[in-house]
Every structure is written in structure tokens, then in C-alpha cells.
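Q: Sequence and predicted structure are below.
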Amino acid sequence: MHKTPAAIFGLATACLIGTLSSAGAASPEDRYIATRDTAIAKVSKLYDEKSDQPAAEKAEASLRADLLAQMKTIVGDASRKGYVPATLSLLSFYKGDDTFGAIDGLRFESLLGENGEKAGRSGANGKYVEPKAFVIVTTQPMFERWLRTHEEWWNDKNKNLAGKFAAALKDETFYTTTLPNGSAMVSFGTLPIAKPANASFAYAMLGARTQSDIPNAADEVYVAALANGKAYVASSTIKPKVQVPACIAIRKSYDKKAEKAADDLQFNRIDREAYDKLGDFRQQGEDAYKKCFNERAAQQPSFVEATKQAQTLLAAAMGN
């Protein structure tokens, strides 16, 4: 059948509109981000109003279920041996919570606690057992989106994306934010793990959690990897803890100097000017402790064991 110029023009226009619509279609990641931002705005408003707590909790549960389903489609990786089924890695949609702002992905919690007990809350007495390990899995595009909202972390040396990935996965603040538990993560240094064959990047470190001073021992390992278009992040408690008695003794000696200086000032044995000239003994002690630990930790048998546990954790995180 012969088509008129008008018909040809109409067909071409329809094809062009269809092409533009396909090109402009939102990706699964775009849809997730839009849904997430709407959820955060809605839930934060409900909690801020404080007029109907049950309504806020109900809305959050419904929105969380939708986002979890979307994230499972994006990540395509919703199970881990020895871990409970995946949940959304965002622990809170409320901007006022200290757990707000974690990276978007799937979160897995180990079935067992550090002493081999079943993790979670016991129905018998309400006792809660903290999971021994946590795993976060996301895609590198989702990781990149998250990094863009945390540009204050980066300096001119990390303008390239690969550098940002590596910098984030070595940063204490990243783990505090991504695996929040109410305390800050403190790094005790790198662990010499072997990079898995399919990974473009892998990293492990000793760590501990604190709300004040640096602890006297590292009792956790943190691992991360980039592989097959995904980012893997995990943490686990370890036994035995890694500690260096000689380093603890050094810090204690500075603490004693700090206590003596404070007493001398209080009882007028020295004046404020003399006290200030002494400097911050506790900070000096912490610095000396960290230097000592970095120099001597690798000589401890517990350090070797921690490295093995980190390697095992990374394999589990990557589903190997």
C-alpha cells in the first residue's frame, strides 16, 4: 500500500518518540533512588511530627519491603551460607538517627554470635545475641552514587573514581557509616590478605569499636573487595584479640604522667602556664601506643590468626 507523506511523517514521529522514551527510561538504580528518597522524606516527616508513631513504623515497614525487592533485583545476590536472608542495608529512613546514611545494598547477618550461640533475640528470656559477622553487597554503580553524596571525604588526590573506591574502602569513617552499631570504628592497621583471583581490589584491616579512647586490643576484622561489578564489605569479631602488652604499658605510663600533672595543677605545685607546656600526655600516649602497635603487632601469633579469619570472611562475603 502506498503511504502518503503525512502517513510517513506520522510513522517517523512515532518511531522517534518511542526511541526517545526508551532512551529516557529510568534504570532500576534510578527507580530505587527515587523510591528511597521519597521514603526518607515521608518517614522523616512522620517521625518529626511525633503525632502517630505506629503510622510512621507501618509506613517504614511497607517502604522498606518495596526497596528490598528492588535492591534484590539490582544486586541479584540475595543469599549467603551461614547468614540470614538479605535485608536492606539502610538501617534507618529517619535523618535524625545515628544509623542514617549507610550505603545502599543488601545486608546479611550471620546466623551465629561470636560464642556459637544463635544470633538474634531469644524468645525464652529476651536475651539478644549480636551476630558475629555482617556483610554488605552492592553494585559498583550504586557504590559510585553513594560516593558522590560523600564528596567531603575526598581530596584532590582522589579525583579518579578508582581512587575513590580504594580510599573509601580503607577509611575508618566508611565502616562506621556502612556497618553502624553506635560506636566509631578504629583501624589498627592493614592485614596482608591475598587478593581473590576475580577481584580487582581487596583490602583487610584490624579494627575495634569505641565511643572514646582507642581500645587496648583489636577484636574485629574488616574486609572489602571489588569484583564482577560489585562491592563487598564485611566485618566480624575475632578470637583471640590482637594486643601487644608492651604497647599497653607505654600508654599507661603516659596516663600516669597525665594524672600527676593534673594533681600538680590542682594542688598548686605547678601553675597553669607550666601545666600547658607539658602538653597533652594522654594524646601523646595514644600516639605512642599506635606507633608501637603498628611496629609490633605483626609479630604476634594472634595477628597471623586474624589474617586467616579475615581471608575466610572475605570469601564468605563474596559468596565463595
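A: Now that the structure is in, tell me what you want to look at. Residues are numbered from 1 along each chain as shown.
Q: Chain neighbours aside, what residue packs nearest to F201?
A: With CB to CB, 6 or more residues apart in numbering as the criterion, F201 has its nearest non-adjacent residue at 4.3 Å, and that residue is L226. From N, CA and C alone the C-beta is placed, and that goes for glycine too.
Q: Residues in a beta bridge with the one you found, which ones?
A: F201, A231 (DSSP bridges).
Q: Now Y128: closest residue in space that isn't a chain neighbour?
A: Of all residues not flanking Y128 in the chain, R121 sits nearest, at 4.8 Å (CB to CB, 6+ apart).
Q: Can you name the residues that contact the residue nearest to F201?
A: Taking CB atoms under 8 Å, 6 or more residues apart in numbering as the criterion, L226 is in contact with Q140, F165, L169, A199, S200, F201, A202, Y232.
Q: for P131, same thing?
A: So P131 contacts E109, S110, L111, L112, G113, A119, G120 (CB under 8 Å, 6+ apart).
Q: The residue lying closest to A208 once chain neighbours are set aside: what secondary structure?
A: Of all residues beyond its chain neighbours, the one nearest A208 is P215 (4.4 Å), with distances taken as CB to CB, 6+ apart. Taken by DSSP: H, G, I helix; E, B strand; the rest coil, the conformation at P215 corresponds to coil.
Q: Quantify the burial of P215 by counting its neighbouring residues.
A: 15 (other CB atoms under 10 Å).
Q: Just the pLDDT for it.
A: pLDDT recorded at P215 is 92.
Q: who touches it in this structure?
A: V186, A208, R209.
Q: How much space separates it from I74?
A: 37 Å (CB to CB, to the nearest Å).
Q: How about S27?
A: Taking CB to CB, one finds S27 at 9 Å from I74.
Q: Looking at those two, which is more packed in?
A: Higher neighbour count among S27 and I74: I74, with 20 against 10, using other CB under 10 Å.
Q: Just give the nearest non-adjacent residue to that one, would you?
A: P28 (5.2 Å).
Q: Just give me the neighbour total for the one you found.
A: The number of residues near P28, taken as other CB under 10 Å, comes to 14.
Q: so which strand or helix has E305?
A: In this structure, E305 is located in helix 301-317 according to DSSP states H and E.
Q: what's the answer for K72, then?
A: helix 53-75.
Q: Following element in sequence after that helix, please.
A: Going down the chain from helix 53-75, the next helix or strand is strand 87-88, by DSSP H and E.
Q: Show me what that following strand is packed against.
A: On a contact count with 3 or more CB pairs under 8 Å, 6 or more residues apart in numbering; DSSP states H and E, strand 87-88 meets helix 53-75, strand 106-109.
Q: CA atoms only for the first one - export them in CSV, please.
A: Put plainly, it is helix 53-75. The C-alpha trace of helix 53-75 is given here as CSV (Å, rounded to 0.1, in the frame of the first residue of the first chain):
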residue,chain,number,x,y,z
GLN,A,53,4.4,6.6,65.9
PRO,A,54,2.5,3.4,64.7
ALA,A,55,1.8,5.1,61.4
ALA,A,56,5.4,6.0,60.9
GLU,A,57,6.5,2.5,61.7
LYS,A,58,3.9,1.0,59.4
ALA,A,59,4.9,3.3,56.6
GLU,A,60,8.6,2.5,57.1
ALA,A,61,8.0,-1.3,57.0
SER,A,62,6.0,-1.0,53.8
LEU,A,63,8.5,1.2,52.1
ARG,A,64,11.4,-1.0,53.2
ALA,A,65,9.8,-4.1,51.7
ASP,A,66,9.5,-2.4,48.4
LEU,A,67,13.1,-1.1,48.4
LEU,A,68,14.4,-4.5,49.4
ALA,A,69,12.6,-6.1,46.5
GLN,A,70,14.2,-3.5,44.1
MET,A,71,17.6,-3.9,45.6
LYS,A,72,17.5,-7.7,45.3
THR,A,73,16.8,-7.2,41.6
ILE,A,74,19.7,-4.7,41.3
VAL,A,75,22.3,-6.8,43.2
